[in-house]
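Student: My questions are about this predicted structure, shown below with the sequence.
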Number of protein chains: 2
Amino acid sequence: MPARKAAAVTRPAAGSRRQGGPSGRTPWGTISRDQVIATAVRVLEEVGFEQLTIRGLASEMGVAPMSLYRHVRDKDDIIDEVTDRLLARVWAPAADPSDWRAYIAEAADRLRDFLVTEPAALHVYLSHPVMSPSARDRMDAMMEVLRTALGDEQAARRAYGALQTYTIGFAALEASRAGWAPSEDGDELAVQLAAYTSPSQFARGLHYLLAGLESGSRTPPAAAGGGQTPCWRRTEAMDS
Amino acid sequence: MPARKAAAVTRPAAGSRRQGGPSGRTPWGTISRDQVIATAVRVLEEVGFEQLTIRGLASEMGVAPMSLYRHVRDKDDIIDEVTDRLLARVWAPAADPSDWRAYIAEAADRLRDFLVTEPAALHVYLSHPVMSPSARDRMDAMMEVLRTALGDEQAARRAYGALQTYTIGFAALEASRAGWAPSEDGDELAVQLAAYTSPSQFARGLHYLLAGLESGSRTPPAAAGGGQTPCWRRTEAMDS
DNA sequence: CCCATCTTTCGTACAGGTACGCAAACTGTT
DNA sequence: AACAGTTTGCGTACCTGTACGAAAGATGGG
């Protein structure tokens, strides 16, 4: 939905060279996947996610729009890669891993902050499970901590899954709330409730979640889903 | 990003009349906001969210695309309204409100199921706090139950906020996982972990959350954020 | 009954993503 | 060097949402 308008950046040949042969064609090997991603990172930081367009990106590199498609699958492919590079800068917690609660809490909050700050990243995380290099690094680090804290491998996996779900879900809501005008109706209670999303709320929920996970690792997991799978919905094989 | 192609539906004047005057113009008052929404609901059920386009919708009504914009703000406006009508059909739990855990769990799971089933609805819930009539009804019902269960109004609000966050966030992840191919790399552990999203996982997390909320309502809320707000992030006023 | 005014429909046009396929440029073979 | 095969850049064209503004129909005052 191309609603929000762009303005500059789409200058046909500003800051670009295209000094190739007289054929008017850009040299060869001018563009590489890596250059596309690097340019995308720069453009993203300059003009923001909304203004990041294939056409703008191409003109920024002095190249025709369709030329990019020889090196990237589609726009999402670019954004995936950009997100990975940005995540690598910020995911690592400063807390001591020996204090696992502090470490996990900081890791979660760093991801939340990242997703709220970078709409592009949120877009990626909501599109599919992210398994980029830096996401892998982060997962490995967290799993290491969770394994030693909870003892059980299965418990650690469940914990990680729950944490990811909570973090990403919360970030999605927090981000969507930002820049949202309560319209006009004075239905403040409702609005306040529906938009119940803030970093401190995140911390509180995380607190509960960690407590539940810790106790859950000591309880036979069979008790966890206690009486769930309501009859009104077609039964589904309980996995895990 | 207009990737996935459409096919039919965009027949210029199939199933449409446009029997207006010789001017070729559609009568007058032919289209109303209500008809647009109703048609959108029907088309959505016929061809799915991806294929629901303004042009297709217009031709289905035998009208020019831009004519719709006199009655709806934009496409999101339509989808908001459609989502409300669909939600009204499914939100109400069958469980007895006296068993508040069962009632809340079913309400949450019904919303989760709805969001996973209807991509359009998920899109809406991720875009902004939803305050449509049926969403209001649902919230009122849940708040009623939570108030009597937790006693405190503030606790009920926190509980509702946490439940919404968890439910919507989980649905976002579950939906994105569906129809996702693990590509080719045999990195199964990672994939399995990253995609740790299933209805039974939802139930488990919900269980923890409810337990935490119940105990939290009996604990001085000051203890909740215990030591949060890490030093590496700019401090923010703790709201509640 | 005629004209001013308001409402509604819609023609035109633009920005954005990208499928398709041609042609230029490089690579390796004989 | 000449030719075949592959890689890469990109022209063309289509689909999407929707801003803008003109024109057709309805309404009301004189």
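Tutor: Done, it's in.
Student: what's the burial count for A:Gly151?
Tutor: Neighbour count for A:Gly151, taken as other CB atoms under 10 Å in any protein chain shown: 12. The C-beta positions use only the backbone N, C-alpha and C, and glycine is treated the same way.
Student: What does the pLDDT read for it?
Tutor: For A:Gly151, the pLDDT comes out at 91.
Student: A:Val124 too?
Tutor: On the pLDDT scale, A:Val124 gets 93.
Student: before we move on, what about A:Gly186?
Tutor: Here, the pLDDT recorded for A:Gly186 equals 55.
Student: Give me the distance between stretch A:199-211 and the centre of its chain.
Tutor: Taking CA atoms, centre = their mean, to the nearest Å, the mean C-alpha location of stretch A:199-211 is offset from the chain mean by 19 Å.
Student: do you know how far A:Pro27 is from chain B?
Tutor: 29 Å (CB to the nearest CB, to the nearest Å).
Student: So that residue versus A:Gly62, what's the distance?
Tutor: Using CB to CB, to the nearest Å, A:Pro27 is found at 10 Å from A:Gly62.
Student: quick one, the lengthiest helix in chain A and helix B:153-177 angle?
Tutor: Longest helix in chain A, counting residues (DSSP state H): helix A:153-177. Going by axes from the mean of the first three to the mean of the last three CA atoms, to 10 degrees, helix A:153-177 is angled at 100 degrees with respect to helix B:153-177.
Student: Check which helices and strands helix A:153-177 sits against.
Tutor: If you count contacts as 3 or more CB pairs under 8 Å, 6 or more residues apart in numbering or on different chains; DSSP states H and E, helix A:153-177 packs onto helix A:100-117, helix A:119-127, helix A:133-150, helix A:199-216, helix B:119-127, helix B:153-177, helix B:188-194, helix B:199-216.
Student: Just the buried positions in the first one, please.
Tutor: The one in question is helix A:100-117. A:100-116 (16 or more other CB atoms under 10 Å in any protein chain shown).
Student: where does chain A dip in pLDDT?
Tutor: Within chain A, the segments meeting pLDDT under 70 span A:1-23, A:179-196, A:216-240.
Student: One more pass at 80, please.
Tutor: Low-confidence segments of chain A, defined by pLDDT under 80, span residues A:1-24, A:173, A:176-197, A:208, A:211-240.
Student: got a list of what A:Ser176 touches?
Tutor: Shown in contact with A:Ser176 (CB atoms under 8 Å, 6 or more residues apart in numbering or on different chains): B:Leu126, B:Ser127, B:His128, B:Pro129.
Student: And the buried ones among these, selectable in PyMOL?
Tutor: Restricted to buried positions by 16+ other CB under 10 Å, the PyMOL selection for the contacts of A:Ser176 reads:
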select buried, chain B and resi 126+128+129
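Student: what would the contacts of A:Ser176 look like in a markdown table with distance to DNA strand D?
Tutor: Below are these laid out as a markdown table (distance: CB to the nearest atom of the strand, whole Å):
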| residue | distance to DNA strand D |
| --- | --- |
| B:Leu126 | 16 |
| B:Ser127 | 12 |
| B:His128 | 14 |
| B:Pro129 | 19 |
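Student: quick one: contacts for A:Ala107?
Tutor: For A:Ala107, the contacting residues are A:Trp91, A:Pro93, A:Arg138, A:Ala141, A:Met142, by CB under 8 Å, 6+ apart.
Student: let's see it at 6 Å
Tutor: A:Ala107 sits next to A:Pro93, A:Met142 when contact means CB atoms under 6 Å, 6 or more residues apart in numbering or on different chains.
Student: re earlier: what's the closest of the contacts of A:Ser176 to chain A?
Tutor: Comparing these against chain A with CB to the nearest CB places B:Pro129 closest, at 3.6 Å.
Student: The closest one and DNA strand C, how far apart?
Tutor: According to CB to the nearest atom of the strand, to the nearest Å, B:Pro129 stands 27 Å off from DNA strand C.
Student: Phi first, then psi, for that residue.
Tutor: phi -60, psi 130 (degrees, to the nearest 10).
Student: mind checking the SS state of A:Ser98?
Tutor: coil (DSSP: H, G, I helix; E, B strand; the rest coil).
Student: neighbours around it, how many?
Tutor: Going by other CB under 10 Å, the residues that sit close to A:Ser98 add up to 10.
Student: ditto for A:Gln201
Tutor: Using other CB under 10 Å as the criterion, A:Gln201 is surrounded by 22 other residues.
Student: Disregarding flanking residues, what is the spatial nearest neighbour of the residue in chain A that chain B sits nearest to?
Tutor: Nearest residue of chain A to chain B: A:Gly169, at 0.9 Å (CB to the nearest CB). Spatial nearest neighbour of A:Gly169, chain neighbours left out: B:Gly169 (0.9 Å); criterion: CB to CB, 6 or more residues apart in numbering or on different chains.
Student: Surely that neighbour and A:Thr167 touch.
Tutor: No - with contact defined as CB atoms under 6 Å, B:Gly169 does not count as touching A:Thr167 (8.1 Å).
Student: Verify the contact between A:Asn150 and A:Ala156 for me.
Tutor: Residue A:150: Leu, not Asn. Yes - contact criterion CB under 6 Å: A:Leu150 and A:Ala156 qualify, at 5.3 Å.
Student: related to what we said a few turns ago, contacts only, for the residue nearest to A:Gly169.
Tutor: Contacts of B:Gly169 (CB under 6 Å, 6+ apart): A:Thr165, A:Gly169, A:Phe170.
Student: buried ones in stretch A:55-71?
Tutor: Quick answer for stretch A:55-71 (16+ other CB under 10 Å): A:Gly56, A:Leu57, A:Ala58, A:Ser59, A:Glu60, A:Met61, A:Gly62, A:Val63, A:Leu68.
Student: export the residues you listed to a markdown table and tack on secondary structure?
Tutor: Conversion of those to a markdown table gives the following (three-state DSSP):
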| residue | secondary structure |
| --- | --- |
| A:Gly56 | helix |
| A:Leu57 | helix |
| A:Ala58 | helix |
| A:Ser59 | helix |
| A:Glu60 | helix |
| A:Met61 | coil |
| A:Gly62 | coil |
| A:Val63 | coil |
| A:Leu68 | helix |
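Student: which one among those gets closest to DNA strand C?
Tutor: A:Gly56 (6.1 Å; CB to the nearest atom of the strand).
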